[in-house]
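**Q** Just need the structure, nothing else, for what follows:
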Amino acid sequence: MQKKTLQVTLPFDQLDLMSQPAAYFDQGQGPTIVLLHGSKGDSTAWLPLMQQLQSQFRCVAIDLLGFGNSAKPEIRYDIAKEVAFVRAVVEALKIDSFILIGHSFGGWVAAAYAIAYPNAVSHLVLSAAAGIRDDQFLERSQYLLPITWDTPIIDWGIQLISPLATAFGQQATISEIMWLRQQLRTEPAIRSLILDRLRPEDAVDTVEQHIHQISIPTLVLAGENDTTIPRWHSETYAREIPNAHLLVIKGANHALPTLYTQEVAQAVLDFLSASSVTLDSGSVA
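**A** Have a look, this model is predicted:
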């Protein structure tokens, strides 16, 4: 399966170009599902789930603005810009109403999209979604500040402590830090999303104050052993969104779309079946 690319116009004052590339996968037939990935990847994260759903649904997985093969302009990234980008893509593809699934950062964007365009989304699935204000998380994230410094001293320090970290079973943490350093150098979206949100007062586009406006059927998925997004974030979505249902996947960590594809696919199919999605006619009730 190959990614496709189209040109979309973005209403951002910072951009001089009239249009920007948007990359996406488009596979299957039936009611349309739009899938939004997390911050540690792109639309390829959805390929395993698309394989499970494409016999019954048209699956459109988008590389969000600043990720994958989509445009990566040097701008201040925020949720409103990602929502505008998704809107531009679905309009270019002439998709009027669709099922929206978002994971992690993509879940944050999905929730914000459902709030901004309530008549465009028929069903919403939030998979370990970010977007709930968490000042304790922001306080803990202060340790990231030295990692963001543009100096080789940080890289030398990481190399020096790597053997010690491995000896104490912290190799995963070192790998995470090294990945983050690389992203800060090469990915403007990651750099902006991290550097602009290290203080509680910068958390201005979280969605918990508005999610009560979402009135469509909503499924909230959480991993039992997720250490990236605390479960209470998912519980907040499920509590504040009317008609929302929370499903905790036993034994699962944060990587729901890639490592727990079967469980996620079954949860989505059960949810859509119970929510009156008509597959044989290709319509969404």
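**Q** Run through the strands of the stretch 1-150 of the chain in chain order.
**A** 4-8, 20-27, 32-36, 58-62, 98-103, 121-127 (DSSP state E, counting those that start in this stretch).
**Q** Now mean neighbour count and mean pLDDT too, for those strands, in JSON lines please.
**A** C-betas here are computed from N, CA, C, even on glycine. Conversion of those to JSON lines gives the following (neighbours: other CB atoms under 10 Å; pLDDT from 0 to 100):
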{"stretch": "strand 4-8", "mean neighbour count": "14", "mean pLDDT": "95"}
{"stretch": "strand 20-27", "mean neighbour count": "20", "mean pLDDT": "96"}
{"stretch": "strand 32-36", "mean neighbour count": "25", "mean pLDDT": "98"}
{"stretch": "strand 58-62", "mean neighbour count": "25", "mean pLDDT": "98"}
{"stretch": "strand 98-103", "mean neighbour count": "27", "mean pLDDT": "98"}
{"stretch": "strand 121-127", "mean neighbour count": "26", "mean pLDDT": "97"}
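**Q** want to throw the ones you listed into TSV with distance to residue 254?
**A** As requested, the strands of the stretch 1-150 of the chain are arranged in TSV below (distance: least, CB to CB, whole Å):
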stretch	distance to residue 254
strand 4-8	28
strand 20-27	22
strand 32-36	15
strand 58-62	18
strand 98-103	9
strand 121-127	9
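**Q** For residue 73, which of these is the nearest?
**A** The closest of the strands of the stretch 1-150 of the chain to residue 73 is strand 20-27. By CB to CB, the value is 6.8 Å.
**Q** the inter-axis angle of the closest one versus strand 4-8?
**A** Per axes from the mean of the first three to the mean of the last three CA atoms, to 10 degrees, the angle that strand 20-27 makes with strand 4-8 is 140 degrees.
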